[in-house]
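Chemist: need a 3D model of the following:
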Amino acid sequence: MTRESELSVDASAEALQEAADLWNTLSGAGFIQAMVDRRVPEISDISEYIGQAVRSVEPGRVEIAWTPGDKLCNPGGTVHGGYIAMILDNAVCLAASSTCEHFMPMLTLNLNVDYLRGVQSGRTYTVTGTCLHPGGTRMVSNALITDTAGRPVAQASASVIPNKAFAR
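Modeler: Residues are numbered from 1 along each chain as shown. This next block holds a predicted model:
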């Protein structure tokens, strides 16, 4: 299997070239918006697997709709805490990435999670990530999951760093 086929079954040579051009020209927030607009091929099935869809992005802030499926539930019938941590991690990393001159994937140094309420599968939650400190090396972001009534379900704070393997 080639790297190109791993990116997406729909990724034509033209789509891959456009993605490369966007990668090299857009800001972090602009590139995330291009992902939302599907101008960039999916590089992983993880968003679909966990039920994540980025709704909006601006520098320093990202909003995600999260509808976890039954496959993410523990034997007790609620969404496993590891998946809750995963969506929070995605939000803090995307919020930090949105502040960069060019999109940079982030590496998480630490993630502190507070679980406040049970998360039910099949329901849609809002996950908001906010970058509090868009530093040159270490960045600090928060994320909050709320239910449809606006009640907090879980929150996280994190320190992240740009993944230098993707430096231009």
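Chemist: ranges for the helices of the chain?
Modeler: 3-7, 13-25, 28-36, 46-50, 81-97 (DSSP state H).
Chemist: can you tell me which of those helices is most buried?
Modeler: Mean neighbours per residue, mean count of other CB atoms under 10 Å, is largest over those for helix 81-97, with a mean of 24. C-betas here are computed from N, CA, C, even on glycine.
Chemist: follow-up on the earlier one: nearest to residue 144, of the helices of the chain?
Modeler: Nearest to residue 144, of all the helices of the chain, is helix 81-97, at 8.3 Å by CB to CB.
Chemist: quick check: angle from the closest one to helix 28-36?
Modeler: 130 degrees (axes from the mean of the first three to the mean of the last three CA atoms, to 10 degrees).
Chemist: and helix 81-97, how far out from the chain middle?
Modeler: On the basis of CA atoms, centre = their mean, to the nearest Å, helix 81-97 is displaced by 6 Å from the centre of the chain it belongs to.
Chemist: avg pLDDT for that helix?
Modeler: The average pLDDT within helix 81-97 is 98.
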